[in-house]
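[1] Coordinates only, no sequence provided:
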């Protein structure tokens with residue numbers, strides 16, 4: 001499943017000269033992963049291990065429904081055997097009565113006596129089998145609901161590893177940064193603070209960004225060891241924009257938890 005987020009969170013404050021300052025948190029990722037793709041760094045498990053756990057949850061849930069279907073089939077088969085036995089009993093009674101008051105009359109009377117019982121028992125059996133299957137479906141839903149937090153946590157762990165792998169390259173953050181610069185269109189000057197690893201690559205994109213997003217002044221790139229890999233800060237006259245992994249994962253977790 002493809003998850004596409006473009007989250008902007010804005011806060012506004014007033015500076016000493018009453019100029020409105022806005023702080024924006026932006027995330028611009030397209031993540032192509034399965035439904036099971038989103039969760040937390042505390043797990044300490046490999047992606048393969050996490051996927052195995054999620055697969056086990058699904059297998060257990062499916063086994064609940066399959067077992068119920070097996071029981072339903074078992075009940076229906078037993079009911080069929082019982083109805084056939086009752087029919088045989090009716091014919092045997094009809095044969096015995098037929099010796100006394102005519103074969104056809106005796107058989108008809110026996111069948112008329114036993115038929116309502118057969119129909120009633122068949123209806124009860126079908127109802128019981130359906131109730132078992134419906135109960136299993138409810139058990140399946142309750143089981144998955146009880147594992148919801150684990151599924152979210154494990155899925156985020158997968159997403160985090162996928163995203164972090166994507167931004168470990170020197171040019172890995174440029175795509176994310178561009179979204180923040182797009183939202184700063186028309187600003188005079190921008191200051192980008194990022195991990196030293198990305199400085200050279202970011203500078204290569206500056207001419208294109210300035211032309212594309214009407215930045216009339218300069219775009220300065222400042223290395224900052226305090227900014228972790230996969231994240232960056234864009235400062236401008238009207239506030240700042242934070243982009244990167246941390247904002248992205250928070251958006252994903254909030255979306256899944258809601």
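    Ah, there it is. Remember, it's a predicted structure, so these values are computed and weren't measured experimentally.

[2] When you work out contacts or count neighbours from here on, use the C-alpha atoms and nothing else.
    Will do.

[3] The spatially closest residue to residue 171 that is not a sequence neighbour: which element?
    What sits nearest to residue 171 in space, not counting adjacent residues and going by Cα to Cα, 6 or more residues apart in numbering, is residue 201, at 5.5 Å. Residue 201 belongs to helix 199-212 when assigned by DSSP states H and E.

[4] I'd like the mean pLDDT over that helix, please.
    Averaged over helix 199-212, pLDDT sits at 92.

[5] Then stretch 120-138?
    72.

[6] tell me which residues in it are buried?
    For stretch 120-138, burial by neighbour count (16 or more other Cα atoms under 10 Å) applies to 122, 125, 129, 132-133, 136-137.

[7] re earlier: check which element follows the helix holding residue 201 along the chain.
    strand 219-223.

[8] next structured bit after that following strand?
    Next in line after strand 219-223, if elements are assigned by DSSP H and E, sits strand 231-236.

[9] what helices or strands is that following strand leaning on?
    The contact analysis (3 or more Cα pairs under 8 Å, 6 or more residues apart in numbering; DSSP states H and E) places strand 231-236 against helix 174-182, strand 190-194, strand 239-244.

[10] And stretch 196-205, what's buried?
    196-199, 202.

[11] So which residues make contact with that stretch?
    Residues from elsewhere that reach stretch 196-205 (Cα atoms under 8 Å, 6 or more residues apart in numbering): 170-171, 173-174, 221-225.

[12] top of these by neighbour count?
    Using other Cα atoms under 10 Å as the neighbour criterion, residue 173 leads the contacts of stretch 196-205 with 23 neighbours.

[13] how about it, what does it touch?
    By Cα under 8 Å, 6+ apart, the neighbours of residue 173 are 167, 198, 230-231, 244.

[14] which two in the residues you listed are spaced the farthest apart?
    Using Cα to Cα, these span at most 12.7 Å, a distance reached by 198 and 244.

[15] Pick out whichever of the buried residues of stretch 196-205 sits closest to residue 249.
    Nearest member of those to residue 249, counting by Cα to Cα, is residue 198, at 20.5 Å.

[16] part of a strand, is residue 142?
    No - counting by DSSP: H, G, I helix; E, B strand; the rest coil, residue 142 is not found in a strand; it is helix.

[17] Count the residues that sit near it.
    13.

[18] Tell me the spacing between it and residue 192.
    48 Å (Cα to Cα, to the nearest Å).

[19] okay, now residue 228: neighbour count?
    The local packing of residue 228 (other Cα under 10 Å) involves 14 other residues.

[20] List the residues that contact it.
    Counting by Cα under 8 Å, 6+ apart, residue 228 has contacts 194-195.

[21] Quick check on it: phi, psi?
    When read as degrees, to the nearest 10, the backbone of residue 228 gives phi -70, psi 160.

[22] Distance of it relative to residue 189?
    23 Å.

[23] again with residue 227
    21 Å.

[24] between the contacts of stretch 196-205, which is nearest residue 236?
    residue 221 (12.4 Å).

[25] The closest one reaches residue 189, doesn't it?
    No - at 11.2 Å, residue 221 and residue 189 do not qualify as touching, with contact defined as Cα atoms under 8 Å.

[26] Show me the shaky parts of this protein.
    By pLDDT under 70, the low-scoring segments of the chain are 1-69, 71-72, 75-119, 121-122, 144, 147, 151-170, 252, 255-258.

[27] Walk me through the domains of it.
    According to automatic domain parsing, the chain comprises the domains 2-32+170-257, 47-150.

[28] contacting residues for residue 178?
    residue 209 are the contacts of residue 178 under Cα under 8 Å, 6+ apart.

[29] so how far is residue 125 from it?
    Using Cα to Cα, residue 178 is found at 65 Å from residue 125.

[30] what's near enough to touch residue 223?
    Residue 223 touches 193-196, 199, counting by Cα under 8 Å, 6+ apart.

[31] one step back: now, which of the contacts of residue 173 sits nearest residue 253?
    residue 244 (14.6 Å).
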